[in-house]
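Enquirer: predicted structure and sequence below. I'll ask about it afterward.
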Amino acid sequence: MNHREQLERVLATDPADVGCEQAIALLHMYADMIATDKDAAREYPGVAAHLAACGPCGEDFQGLLEAVTAGA
């Protein structure tokens, strides 16, 4: 990724995005809400914004959600 691409990525970041550390800390609650058909994005908009923007955290979330719903 070149400097222009990095700058464009930063400028496109949703101001609500909570970042990796906080998103990961809340990921289990977010996944539980999704698994029980609750509006997790409304409750945790910063996590929703982060998961939409961060591929690695989004992958972690999908794996956790699959694990949570596998037993259902």
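Expert: Sure, I can see it. Numbering: from 1, shown residues only.
Enquirer: how near is Leu27 to Glu66?
Expert: The gap separating Leu27 from Glu66 is 13 Å, by CB to CB, to the nearest Å. For the C-beta atoms, the positions are set from N, CA and C on the backbone; glycine is no exception.
Enquirer: looking at those two, which is more packed in?
Expert: Taking other CB atoms under 10 Å, Leu27 and Glu66 do not tie; Leu27 has more neighbours (20 against 11).
Enquirer: I'd guessed the more buried one sits against Glu59; true?
Expert: No: Leu27 is beyond contact range of Glu59, at 11.3 Å (criterion: CB atoms under 8 Å).
Enquirer: okay, now Leu65: neighbour count?
Expert: Around Leu65 there are 16 residues (other CB under 10 Å).
Enquirer: so it is in contact with Asp32, correct?
Expert: No: contact criterion CB under 8 Å: Leu65 and Asp32 do not qualify, at 9.3 Å.
Enquirer: quick one: pLDDT of the residue positioned nearest the centre of the chain?
Expert: The centroid of the chain falls nearest to Leu51 when counting by CA atoms, centre = their mean (2.2 Å). According to the prediction, Leu51 has pLDDT 93.
Enquirer: tell me which element the nearest residue to it once chain neighbours are set aside is part of?
Expert: In this structure, Leu51 finds its nearest non-sequential neighbour in Gly58, 4.9 Å apart by CB to CB, 6 or more residues apart in numbering. Assigned by DSSP states H and E, Gly58 belongs to helix 55-70.
Enquirer: give me the contacts around that helix.
Expert: With contact meaning CB atoms under 8 Å, 6 or more residues apart in numbering, helix 55-70 is reached by 20, 23-24, 27-28, 30-32, 34-35, 50-52.
Enquirer: same question, stretch 30-43
Expert: Contacts to stretch 30-43, defined as CB under 8 Å, 6+ apart, come from residues 44, 47-48, 51, 61, 64-65, 68-69, 72.
Enquirer: quick one: least confident helix or strand in the chain?
Expert: Ranked by mean pLDDT, DSSP states H and E, the helix or strand of the chain with the weakest confidence is helix 3-12, at a mean of 68.
Enquirer: now whichever helix or strand comes after that one - C-alpha only, CSV.
Expert: Downstream of helix 3-12, the first helix or strand assigned by DSSP H and E is helix 19-35. Provided in CSV are the C-alpha atoms of helix 19-35 (Å, rounded to 0.1, in the frame of the first residue of the first chain):
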residue,chain,number,x,y,z
GLY,A,19,-10.7,0.6,16.8
CYS,A,20,-9.4,-3.0,17.1
GLU,A,21,-8.8,-3.1,20.8
GLN,A,22,-12.2,-2.0,21.9
ALA,A,23,-14.0,-4.0,19.1
ILE,A,24,-12.2,-7.2,20.2
ALA,A,25,-13.1,-6.5,23.8
LEU,A,26,-16.8,-6.3,22.9
LEU,A,27,-16.8,-9.0,20.2
HIS,A,28,-18.3,-11.8,22.3
MET,A,29,-21.3,-9.6,23.4
TYR,A,30,-21.8,-8.4,19.8
ALA,A,31,-21.8,-12.0,18.5
ASP,A,32,-24.2,-13.1,21.2
MET,A,33,-26.6,-10.3,20.3
ILE,A,34,-26.4,-11.1,16.6
ALA,A,35,-27.0,-14.8,17.3
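Enquirer: thanks a lot, see you next time.
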